[in-house]
Every structure is written in C-alpha cells, then in structure tokens.
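> Next comes the sequence, and after it the predicted model I'd like to discuss.
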Amino acid sequence: MKGLFIINPVAGKGRGKKTAKHIERFMKEKAMAYDIRFTCCKGDGEAIARDAIQKGYDKIIAVGGDGTVYETANGMVGSHGILGIIPCGTGNDLAKSLGISGNIEKALNIIFEGYERTIDCGKANGRLFLNVASVGLDAEIVKETEMIKKYIKGPSAYVMGVFKTLLYFHDKEVWIDIDGVEMKKNIMLIAVANGRCYGGGMKIAPEARIDDGYFDICIVNKISKGKLLRLFPTIFSGKHLLVDEVELLRGKNIKIESREKLILNMDGDIGGETPVCIEMLKNGIRVMATHENISEDVITFVSK
Ligand SMILES: Nc1ncnc2c1ncn2[C@@H]1O[C@H](COP(=O)(O)OP(=O)(O)OP(=O)(O)O)[C@@H](O)[C@H]1O
C-alpha cells in the first residue's frame, strides 16, 4: 500500500499549505510512509492523481476543499485506488456528508485507521462528481465568481459573483427527463445531489444519502427575485423545501435539455453545458471514511 497526499496550498485561504506540516508530523509519529505533492494551478490535482495511479499509489488523499477532491477523484477514474480527504477548504461540503471532521488530527486518524467505504458518484459530460451537479442560478454564480477571481481574491469574489448574477438572471426553460419521466419546466435551478449540502453548508437536499444509489433532485421553479432572495438563506437549514416553488424528486438517470445553453456546475467547477445526461454510478468510488454513524453493510476493513 502506497499513499500520496495531494495538497492544494491555496485551499481555505492558505490553510492547505499550513496543513502540510501537520501531515508530515502525524505521519512521522505513526511511522507511516507517505509522499506529498502540492498542486500548482487549477487542474493540477487531476494530473497528479492520474500520474500517481500510474506510479502505483493506491491511497490518494486530497488535501483541500471540494474542488481539490473533485479533481483528485477525476484523476483516479478507472483505477482501484482509494480516495482520502483531509478537509481544509472553505466549504468542505462533501466531507460533511461523509462525516469527516474539519479537525485535521481527526481527519488524519481516519487515514491512519484505514476504514474504507464505497460511495456513489455521478457522471456527466465524461467527468465524475461526488457531491452536487447543477444548472441554473448557482452554476451561473460559479462562472461569474471564476471570472471575478481573476481580479479579486477572497470571499468577496463569491459575494460579488452572487450579486452580479442575481442582477441579470431570469428563469430558464428546460426539459428534464428523470428515469424516463419527461417534464417541461421554467426553473431557477436544478441541483442533482449525491451529497446533502453544497456552497459552504447550504442543505440543498437534506435527506440525500451518499450511498443509496439515488440522486435527490432539488428543483427551484420560476420565482420572483424578491422571493428568491428570501429563499436563499432558508437553504442553510433545508427549510427551502417548504416553499411552494421548490420540488424534491429522486432518480438515477437525469437528462436536462434547454434551448439556451446552460452551464453545468460539478462540485463547484464548470463541467460543460446543456444538453447533459447525468448518470448515477452506484458504489462508484472507494473512500476512506469514519466507521462511526454509518451502517455496517458499507464498511470493509482495509489493511494498512
Ligand atoms: N496552486 C494553486 N494555485 C491556484 N489555484 C489552485 C492551485 N491548486 C489548486 N487550485 C485550484 O483551487 C481551487 C479551489 O480549491 P478548493 O475547492 O479545494 O478549495 P476552496 O475553494 O478553499 O474550498 P471549497 O471548494 O470546499 O469551498 C480549485 O479549483 C483548484 O483547481
């Protein structure tokens, strides 16, 4: 068994870089042989993970936020490697669904203890996502924020992205097919959720389970901007589901088509545009996770 930590030094406003020392100390104490590599730019996590698999590493630990996990997982496609996560980004929404603590020591202990579980993932436009794929308002916010980040760093880029998008955004006409059932809708957003939350703790699909073989699909139908603004904070508690214009459906294979090209957000990254087919990959990836609070049937012990 050979492990590699892929550290995004800029994740969590530099928390990733600081975590490296912590990892080195922990691994030394436990006498575990692991290598470390730092990402240099966007997309590097995927390239490093792919290279690591070719070099025979079978435990690949993404150290960063959801973006780093997304890239690392995509670099591991087609391998039997196990994904580990040390959350040190700003949001870490996938880690929350997996019960992986934001406390670095506790997260490192999960790697050390070596419990493994398989979780589902989604596939769209030839790429994997582990947490949430979406079209509509939030995908537009991801795009705007990426543009603004070229000029402004930090959380203010996201805030500006939200406000700029809200100014011009209007409902989108889409055709959705969920497991063969077709619907035409005017939507503000469609979030296809494997995990429960995204965007730094927004519980878009509070009942979603990462290992049940289904996506929870949250659709926010056409709504006035005033009502949308009032809806936004309720997503943090999951109470948005009580609003009339919000629907929650479940399914495995989702097709979204639209006349206007809509951007696809995949775990906070732009993953192409509509038309898109989103496919459930049951037990699609092996991850190192806590053995607490998960049912015994999904746990297998992996020797260290
Ligand atoms: N050295 C680097 N310099 C600049 N960007 C990088 C570097 N390494 C990786 N990235 C990019 O940084 C982006 C953000 O990373 P990540 O999502 O892990 O952290 P975060 O944004 O702090 O956390 P979260 O997504 O959980 O809120 C990713 O899109 C990744 O491609």
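Looks like it came in fine.
> and the residue of the chain found nearest the ligand, how many residues sit next to it?
Going by Cβ to the nearest ligand atom, the ligand is nearest to Gly65 of the chain, at 1.9 Å. C-beta: built from backbone N, CA, C; applies to glycine. As a burial measure, Gly65 scores 27 neighbours (other Cβ atoms under 10 Å).
> again with Tyr214
By other Cβ under 10 Å, neighbour count at Tyr214 equals 18.
> My read is that it contacts Ile254, right?
No. Judged on Cβ atoms under 8 Å, Tyr214 makes no contact with Ile254 at a distance of 10.8 Å.
> what residues does the stretch 1-150 of the chain put near the ligand?
Neighbours of the ligand within the stretch 1-150 of the chain, by Cβ under 6 Å from any ligand atom: 8-12, 39-44, 64-68, 71, 89-92.
> Can you say which of those residues are buried?
The neighbour count (16 or more other Cβ atoms under 10 Å) marks 8-12, 39, 44, 64-68, 71, 89-92 as buried among those.
> Return the subset of those lying in helices.
Judged by DSSP state H, these include 11-12, 44, 66-68, 71 as members of helices.
> of all those residues, which two lie farthest apart?
Pairwise distances across these peak at 16.7 Å for Gly12 and Asp44 (criterion: Cβ to Cβ).
> Give me the residue ranges of the protein where confidence is low.
Within the chain, the segments meeting pLDDT under 70 span 1, 154, 292-304.
> Now do the helices in it.
For the chain, the helices defined by DSSP H cover 11-29, 44-54, 66-75, 93-98, 104-113, 137-149, 155-168, 225-234.
> Among those helices, which comes closest to Ile278?
helix 137-149 (12.8 Å).
> CA atoms of the closest one as CSV?
Presented in CSV, the C-alpha positions along helix 137-149 are these (Å, rounded to 0.1, in the frame of the first residue of the first chain):
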residue,chain,number,x,y,z
LEU,A,137,-28.6,30.2,-10.9
ASP,A,138,-25.8,28.6,-8.9
ALA,A,139,-23.9,27.4,-12.0
GLU,A,140,-24.0,31.0,-13.3
ILE,A,141,-22.7,32.1,-9.9
VAL,A,142,-19.8,29.7,-10.2
LYS,A,143,-19.0,31.1,-13.7
GLU,A,144,-19.2,34.7,-12.6
THR,A,145,-17.1,34.1,-9.5
GLU,A,146,-14.4,32.4,-11.6
MET,A,147,-14.2,35.5,-13.8
ILE,A,148,-14.2,37.9,-10.8
LYS,A,149,-11.5,35.8,-9.1
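> Nothing else from me, thank you.
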